[in-house]
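> Here is a sequence together with a model predicted from it:
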Amino acid sequence: MSQYVMAIDQGTTSSRAIIFDRAGRVVSIGQREHDQIMPQAGHVEHDAMQIWQNVQEVIGTALGRADATDRDIAAIGITNQRETTVVWDRHTGIPVCNAIVWQDTRTQGIVDRLAADGGADRFAAITGLPLTSYFSASKISWILDHVEGARARAEAGDLLFGTTDCWVLWNLTGGVDGGVHITDVTNASRTLLMDLATLEWRDDLLGAFDIPRSMLPEIRSSSEVYGEAEYSSLLRGTPVAGILGDQQSATFGQAAFDAGESKNTYGTGCFLLFQTGEEIVHSSNGLLTTVGYQLGEAPAHYALEGSIAVTGSLIQWLRDQLGLIHSAAEVEHLARSVPDNGGVFVVPAFSGLFAPYWRPDARGAIVGLTRFSNRGHIARAALEAVAFQTRDVLDAVNADVTQAGGIPLTELRVDGGMVANETLMQFQADVLGVPVVRPEVAETTALGAAYVAGLAVGFWSGLDELRANWAEDRRWQPQMDEDARERQLRLWRKAVTKSMEWVDEDTAPGT
């Protein structure tokens, strides 16, 4: 009898395959980074073929390290970086260009033209999303208009679109030899093309972005059998039975299934999701409305989301662009070399400001510098920027929840790579004024994908069994007094204003 479930976690910086046992514990991991391609300011790309090659490699690595075969794997689940856009030829399986990553801002001109008729919230009542370059629709449109021959090929039915879950699934289930072209409701809800209420593509939205419907994958639930793995004898015949966008997957992996439950994931970006149950709640405080999950034929569950573009990638920037550190782990040691930020604040608006501001005109800023400032202050300010941005989002969540008659959050469950940074976690509790709680299994993004796949094939009996798997690892209590907290927040918000209105008519497109 199969004893494990595998999750494929196709993230912004790497692809991983993780095998979990019935208790939700990690058995083995395979991981491989892919290239971050930035040909010019504002452009962020990935090589989709490299991603698929890496996925194949990490599957083999994870199986080898677990000493497992296809007979040991009950099902495969997929979780992925959302919004990142791949367009490929259905006959050859070759992408027409590099994938355009969710952080990319080159499509701002398309967004501005559409927003000129109805504003940034033109489609929000239908999609739950503002008009920004963040989502997939404008990226598809840009590819069709800028890659030679792409529009004609798309209109002839030769091109397919998918976010990276769809790309991996199509290849995993056979590619040009019968690969299934499917995405789930959570990823579809991040395109600006799906109706939140009907969970279907909208022809009027496709028309607004000038995208042929034939390109789009079929929308299915987050937990059902989509097909079987075919690419290799390693997993041939294993059902692929679950898909969740990475942030929804982390929420599911945290066993936050019900209205009022939430989590915050610290990865390349930072994403706080607050479940609203079967009710679609539209934010009046700068949050997104998104699909949280759908299990088979059951009704969809929805969530409010605060999306922060730059958190973990800020630490990568300190390492790769500035050379302040040699590894991401060094940032905590460097930050601890000073007692505080020395008055320095970093606003990492590299792709504009996301929630709750939604200011595409913003760009990154380091403010408060004096001759006293050193690299330790900058490192500490970078870590603190992650916590400050989360506080901004949590304030928006609490405002929406209070307006709806609910109770503000009293603790924050956290996950993602940065939760190993104890300096950050303590400061996060300090600026929030509520406890921060880390689970025993920190790989919640992959775990959520494993859970929905396992539920679809009966590996787990239901949500109660998954709730029983969750256990607390560590809890950070606030230690900062209220006056100090308010002063730090006041200075942070002043720093944020200094990043705004940087992009204007004289700024090169995409910067």
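Perfect, I can see it now.
> Which parts of the stretch 201-350 of the chain are helices?
203-209, 246-253, 312-320, 330-335 (DSSP state H, counting those that start in this stretch).
> Tell me which of those sits most buried.
helix 246-253 (a mean of 32; mean count of other Cβ atoms under 10 Å). Backbone N, C-alpha and C define where each C-beta goes, glycine included.
> Regarding stretch 240-259, how distant is the last residue from the first?
End-to-end distance of stretch 240-259 (Cα to Cα, to the nearest Å): 28 Å.
> And stretch 278-289, by the same measure?
Stretch 278-289 end-to-end distance (Cα to Cα) = 12 Å.
> in it, what counts as buried?
280-281, 283, 285-289 (16 or more other Cβ atoms under 10 Å).
> Mean pLDDT and distance to His146 added to the helices of the stretch 201-350 of the chain, as TSV?
Output for the helices of the stretch 201-350 of the chain, formatted as TSV (pLDDT from 0 to 100; distance: least, Cβ to Cβ, whole Å):
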stretch	mean pLDDT	distance to His146
helix 203-209	96	14
helix 246-253	93	27
helix 312-320	88	25
helix 330-335	89	37
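> nearest to Gln389, of those?
helix 312-320 (9.8 Å; Cβ to Cβ).
> about what we covered before: including distance to Gln3, could the helices of the stretch 201-350 of the chain go into a markdown table?
Listed next are these as a markdown table, based on distance: least, Cβ to Cβ, whole Å:
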| stretch | distance to Gln3 |
| --- | --- |
| helix 203-209 | 44 |
| helix 246-253 | 19 |
| helix 312-320 | 33 |
| helix 330-335 | 37 |
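> Those: which one's closest to Asp464?
Among the helices of the stretch 201-350 of the chain, helix 246-253 sits nearest to Asp464 (Cβ to Cβ), with 14.2 Å.
> What ranges does the stretch 101-250 of the chain have for its strands?
Along the stretch 101-250 of the chain, counting by DSSP state E, counting those that start in this stretch, strands occupy 159-162, 182-184, 194-195, 200-201, 218-220, 223-228, 239-245.
> quick one: stretch 207-225 to chain centroid distance?
From the chain centre to the centre of stretch 207-225 is a distance of 19 Å (Cα atoms, centre = their mean, to the nearest Å).
> can you check stretch 143-159 too?
Taking mean C-alpha positions (Cα atoms, centre = their mean), stretch 143-159 and its chain are 27 Å apart.
> Use 475 as the first number from now on
Okay, residue one is now 475; in that scheme the one you just asked about reads as stretch 617-633.
> Show me what counts as buried in it.
Applying 16+ other Cβ under 10 Å to stretch 617-633 flags 617-618, 621, 624-625, 627-628, 632-633 as buried.
> farthest pair in those?
Every pair of those checked by Cβ to Cβ; the farthest is Ile617 and Asp632, at 13.6 Å.
> neighbours of Pro773, just the number please.
10 (other Cβ atoms under 10 Å).
> what's it in contact with, if anything?
Glu752 (Cβ atoms under 8 Å, 6 or more residues apart in numbering).
> what does the one 3 residues further on give?
For Tyr776, the residues meeting the contact criterion (Cβ under 8 Å, 6+ apart) are 670, 749-755, 763-766.
> quick one: which of the helices of the stretch 675-824 of the chain is nearest Met954?
Of the helices of the stretch 675-824 of the chain, nearest to Met954 by Cβ to Cβ is helix 804-809, at 15.9 Å.
> Report the distance from that closest one to the chain centre.
25 Å.
> Over to stretch 970-977?
Relative to the chain's own centre, stretch 970-977 is displaced by 24 Å; criterion: Cα atoms, centre = their mean.
> Check stretch 616-625 too.
The answer for stretch 616-625 is 26 Å, by Cα atoms, centre = their mean.
> residues in contact with it?
Outside stretch 616-625, the residues touching it (Cβ under 8 Å, 6+ apart) are 559, 561, 570-571, 574, 580-581, 584, 628, 633, 684-685.
> Which member of these is positioned nearest His520?
Ile574 (8.5 Å).
> Any stretches of the stretch 475-624 of the chain with poor pLDDT?
Low-confidence segments of the stretch 475-624 of the chain (pLDDT under 70): 475.
> could you redo the last one with a cut-off of 90?
475-476, 487, 514-516, 542-545, 577, 579, 591-595 (pLDDT under 90).
> Helices of that one, residue ranges please.
522-540, 582-589, 598-601, 610-620, 624-629.
> Who are the packing partners of the first one?
Based on contacts counted as 3 or more Cβ pairs under 8 Å, 6 or more residues apart in numbering; DSSP states H and E, the elements that helix 522-540 packs against are strand 478-484, strand 488-494, strand 500-507, helix 638-646.
> just checking, which of those sits deepest inside the structure?
strand 478-484 (a mean of 29).
> export the helices and strands packed on helix 522-540 to a markdown table and tack on distance to Ser695?
What follows is the helices and strands packed on helix 522-540, written out as a markdown table (distance: least, Cβ to Cβ, whole Å):
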| stretch | distance to Ser695 |
| --- | --- |
| strand 478-484 | 17 |
| strand 488-494 | 21 |
| strand 500-507 | 26 |
| helix 638-646 | 13 |
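> For Asp835, which of the ones you listed is the nearest?
helix 638-646 (28.5 Å).
> Would you mind listing the outside residues contacting the closest one?
482, 484, 522, 525-526, 529, 550, 552-555, 558, 560, 562, 567, 573, 634, 636, 653-658, 661, 691, 700-701, 703-705, 714, 717, 719.
> How about the contacts made by the nearest residue in space to Leu709 that is not next to it in sequence?
In space, not counting the residues next to it along the chain, Leu709 is nearest to Ala703; the distance is 4.1 Å by Cβ to Cβ, 6 or more residues apart in numbering. Residues near Ala703 by Cβ under 8 Å, 6+ apart: 544, 550, 646-647, 709-714.
> how close does Ala703 get to Ile552?
As judged by Cβ to Cβ, to the nearest Å, Ala703 and Ile552 stand 11 Å apart.
> shared neighbours, those two?
The contact sets of Ala703 and Ile552 overlap at Val714 (Cβ under 8 Å, 6+ apart).
> Show me how far the host helix or strand of Gly922 is from its chain's centre.
Taking DSSP states H and E as the definition, Gly922 sits inside helix 918-930. Counting by Cα atoms, centre = their mean, helix 918-930 is centred 16 Å from the centre of its parent chain.
> swap in stretch 500-518?
13 Å.
> same thing with stretch 933-942?
24 Å.
> so Ile552 makes contact with Val926?
No - at 9.5 Å, Ile552 and Val926 do not qualify as touching, with contact defined as Cβ atoms under 8 Å.
> which neighbours do these two share?
716-718.
> mean confidence for stretch 849-859?
The average pLDDT within stretch 849-859 is 93.
> what's next to that stretch, contact-wise?
785, 788-789, 792, 798-799, 805-806, 808-809, 811-812, 814-822, 840, 895, 897-898, 901, 905, 962, 966.
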